[in-house]
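> prediction below, plus the sequence it came from.
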Amino acid sequence: MKIRIAPVVLASLVTFAAVAAPAQDAATLFKTKCAGCHGAEGQGKPPMAPKIAGSDKTVAVLTKGGEAKAPHIKPMATITPEQAASLATYVKALK
């Protein structure tokens, strides 16, 4: 019986971990995914990364990709659409 329960417990833990990841708040996501290049307040670090604070383009760049020769020319595969929307709201509020 114990052997049959182990796969169920393992599957439950894996599912819980996958569900918990998108639950990260936008500030934490920004700090871990964006701030390294765009700065703690989205002010940018020219010429490496542009200012994104207050930008309306965040969701499009993260989910569809950016302009040619931009670091985000392709969508960010590590960001879910829900996380992109959360980040966009956060970035829009930055000044």
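Sure thing, it's come through. Numbering: from 1, shown residues only.

> C-alpha from now on. contacts and neighbour counts both.
OK.

> the residue nearest the centre of the chain and residue 95, how far apart?
Among the residues of the chain, residue 79 comes closest to the average C-alpha position under CA atoms, centre = their mean, at 4.2 Å. Separation of residue 79 from residue 95 (CA to CA, to the nearest Å): 23 Å.

> what does residue 34 give?
15 Å.

> pick out whichever of those two has more residues nearby.
Ranked by neighbour count (other CA atoms under 10 Å), residue 34 and residue 95 place residue 34 first, with 20 against 12.

> and the more buried one, what does it touch?
By CA atoms under 8 Å, 6 or more residues apart in numbering, no residues touch residue 34.

> check it and give its pLDDT.
Residue 34 is assigned a predicted lDDT (pLDDT) of 92.

> check residue 22 too.
45.

> residues in contact with the host helix or strand of residue 29: which ones?
Assessed by DSSP states H and E, residue 29 sits inside helix 26-33. Helix 26-33 is touched from outside by 40, 83, 86, 87, 90, with contacts defined as CA under 8 Å, 6+ apart.

> go on, stretch 75-92?
22, 25-27, 29-30, 42, 52-59, 61-66.
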